[in-house]
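# have a look; sequence and predicted model below, questions after that.
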Amino acid sequence: MVDRMLNMASSRRKFLKGAAALTVASSAPGIARAVAARGGTKKFAYVGTNTGAVGAGSNGEGIYRFEMETNNGELSHCKLVAKTASPSWIAIHPSSKYLYAVNEVANYNGGNGSVSAFAIDQASGDLSPLNTVSSEGAGPAHMSVDASGRFAFVANYGGGSIVVLPILDGGRLGEAVDVHRDNGSLGGQQAAHASPGSFAVSGHDAPHAHMIQADPQNKFVLATDLGQDRIYVYRFDTQTGKLAALPSAPFVSLPSGDGPRHFAFHPNGQWLYAIQEEASTIVCFHYNPATGALASQQTISTLPEGFAGSSFASEILVSPDGKFLYAANRLHDTIAIFGIDTSGRLRRIGEASTMGEYPGQFQIEPSGNFLYACNRRSDNITSFLIHRETGLLTFTGQYTPVGSPGSIAFLP
């Protein structure tokens, strides 16, 4: 039964990839015209990878630098610029002078993970190490930098904690100024909204912080906990870095077992979209920027109607113009595409094969012209032209080899 299911899944992926390849071939002249009209320069792109046992899903060696051609999306001139342990998530400082990476390990200073800081050479794109500090929890999976550039936020998946690190003069990281460890009840092993026949079960054995980021006003900080099926909201003190839980409603709960993973704000700052890993759903919230309150408005699947079986949703992003939303599916190996209406609600437009397996993260480069999918199990990054009017994606035909890519980030 399992072999037959795997063969069916493999056949489906081959069909989707073949269809996408035909689309590329038939629309190549259109892509060429579109990218030529947009003009081009080169920008630096950085890819963080999973390192460790080669052949066991950790084939990277650290952080790689690429040059991105903005008129056609090509990534070239690959260079390993930092050999560091499992920098699976990277973030760039608002000044573009520094790059920060989680080290998704559990053997730093007594069972913790760590976070590494680097200075960026603006001419070459090379990285120079600044320092490394404890993440105050095992297995950090996500980090972000506040709008002022004074603090970095880290979510420790293995340790079930979130931490605030000060950013010192010269870009170095200081020791944690605040640590919160999640406590409380856990969600169920089976997602309440999983597809029929789904075995997408993970993460409900303990609290697992998965993402942390400040809101667009830099007033509140939100953090997901997959194991607890919660999104926490904290008031953020921009002077001290301290986080204070909201007294009346410190968190909102998602359905048991659904597993909130990542979220994305709309450019208007009043809508927030949360993606659930095990249920493969998106919940649309109205967000009150004055109080930090979240009110659920809609739940919609990231998978096509009629889908059955297992898939794990991963990343979610809103287009820079606020017209479209994109969500990644692992095992299904697609980017789902949604339109956003005037109320913030979503309508499904379609999907595009990622042309690779297990896309854990994807990113839209700063101009909004191209989307890049990090296909961890295929050891490659694939790129797609974004059609601004329709939101649809067209595969550029470009595969960039990278061992176990975890995340990609671009200099503005």
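Arrived safely. Residues are numbered from 1 along each chain as shown.
# list the buried ones in the longest strand along the chain?
Counting residues, the longest strand found in the chain (DSSP state E) is strand 98-108. Residues of strand 98-108 classed as buried: 98-106, 108 (neighbour count, 16 or more other Cβ atoms under 10 Å). C-beta: built from backbone N, CA, C; applies to glycine.
# stretch 358-371 too?
By neighbour count with 16+ other Cβ under 10 Å, stretch 358-371 contains the buried residues 358-365, 367, 369-371.
# from the residues you listed, which one has the minimum pLDDT?
The member of these with the lowest pLDDT is residue 367, at 93.
# tell me which element that one falls in.
Assessed by DSSP states H and E, residue 367 sits outside every helix and strand.
# for it, which non-adjacent residue is closest in space?
residue 70 (6.0 Å; Cβ to Cβ, 6 or more residues apart in numbering).
# swap in residue 150?
Residue nearest to residue 150 in three dimensions, not counting chain neighbours: residue 167, with 5.6 Å by Cβ to Cβ, 6+ apart.
# and what of residue 202?
Distances taken as Cβ to Cβ, 6+ apart place residue 278 nearest to residue 202, at 6.5 Å, with adjacent residues excluded.
# repeat for residue 325
Take residue 325 and drop its neighbours on the chain: the residue closest to it by Cβ to Cβ, 6+ apart is residue 338, 4.4 Å away.
# before we move on, back to that, so which elements touch the longest strand of the chain?
strand 90-92, strand 112-120, strand 127-134, strand 140-145 (3 or more Cβ pairs under 8 Å, 6 or more residues apart in numbering; DSSP states H and E).
# rerun that using 6 Å as the cut-off
Applying 3 or more Cβ pairs under 6 Å, 6 or more residues apart in numbering; DSSP states H and E, we find strand 98-108 packed against strand 90-92, strand 112-120, strand 140-145.
# quick one: contacts for residue 378?
356-357 (Cβ atoms under 6 Å, 6 or more residues apart in numbering).
# now it: how far from residue 390?
Using Cβ to Cβ, to the nearest Å, one obtains 27 Å as the distance from residue 378 to residue 390.
# quick one on the thing from earlier: so the residue nearest to residue 367 makes contact with residue 42?
No: under the criterion of Cβ atoms under 6 Å, residue 70 is not in contact with residue 42, lying 7.1 Å apart.
# these two: which is more packed in?
Neighbours per residue (other Cβ atoms under 10 Å) separate residue 70 from residue 42, with residue 70 holding more: 19 against 15.
# where does the residue nearest to residue 325 land on pLDDT?
98.
# what's the answer for residue 399, then?
Predicted confidence (pLDDT) for residue 399: 98.
# any idea how many residues pack against the closest residue to it other than its chain neighbours?
Nearest in space to residue 399, with sequence neighbours left out and distances taken as Cβ to Cβ, 6+ apart, is residue 380 at 4.9 Å. By other Cβ under 10 Å, 20 other residues sit near residue 380.
# so what's residue 380 bridging to?
Residues in a beta bridge with residue 380, per DSSP bridges, are residue 375, residue 401.
# ok, residue 161 next?
residue 156, residue 181.
# helices of this structure, start to end?
2-38 (DSSP state H).
# where does pLDDT dip in it?
The model of the chain has pLDDT under 70 over residues 1-40.
# at 80 what do you get?
Residues of the chain that meet the criterion pLDDT under 80 lie in 1-40, 55.
# who are the contact partners of the residue nearest to residue 399?
356, 399, 401.
# how near is it to residue 59?
Distance, residue 380 to residue 59, by Cβ to Cβ: 11 Å.
# repeat for residue 319
Distance from residue 319 to residue 59, counting by Cβ to Cβ: 31 Å.
# for residue 72, same thing?
In this view, residue 72 and residue 59 are 27 Å apart by Cβ to Cβ.
# before we move on, what about residue 150?
35 Å.
# of these two, which one has the most company?
For residue 150 and residue 59, the more surrounded residue by other Cβ under 10 Å is residue 59, and the numbers stand at 19 against 15.
# my read: the more buried one touches residue 405, true?
No: using Cβ under 6 Å, residue 59 is not in contact with residue 405; the gap is 9.4 Å.
# quick check: neighbours shared by the two?
With Cβ under 6 Å, 6+ apart, residue 59 and residue 405 have no common neighbours.
# and the closest residue in space to residue 54 that isn't next to it in sequence, what does it touch?
Distances taken as Cβ to Cβ, 6+ apart put residue 403 closest to residue 54, at 7.8 Å, once the chain neighbours are dropped. Applying Cβ under 6 Å, 6+ apart to residue 403 gives the contacts 49, 59-60, 379.
# which one of those residues sits closest to residue 225?
Nearest to residue 225 among these, counting by Cβ to Cβ, is residue 49 at 25.5 Å.
# you'd agree the closest one is up against residue 58?
No: with contact taken as Cβ under 6 Å, residue 49 and residue 58 are classed as non-touching, separated by 8.1 Å.
# distance of residue 327 relative to residue 361?
For residue 327 relative to residue 361 (Cβ to Cβ), the value is 12 Å.
# ditto for residue 284
21 Å.
# on that earlier part again, from the buried residues of stretch 358-371, which ones fall inside strands?
359-364, 370-371.
# distance to residue 213 added to these, as CSV?
What follows is these, written out as CSV (distance: Cβ to Cβ, whole Å):
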residue, distance to residue 213
359, 20
360, 17
361, 14
362, 17
363, 14
364, 16
370, 23
371, 20
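# tell me the one of those residues nearest residue 205?
The nearest member of these to residue 205, counting by Cβ to Cβ, is residue 360 at 20.3 Å.
# state the distance from the closest one to residue 88.
Distance of residue 360 to residue 88, given as Cβ to Cβ: 8 Å.
# please apply the same query to residue 100.
Residue 100 is 13 Å from residue 88, where distance means Cβ to Cβ.
# please, where are all the strands along the stretch 251-400 of the chain?
Listed in chain order, the strands of the stretch 251-400 of the chain (DSSP state E, counting those that start in this stretch) span 251-253, 260-265, 271-276, 281-287, 294-301, 312-318, 324-330, 334-340, 346-353, 359-364, 370-375, 380-386, 393-401.
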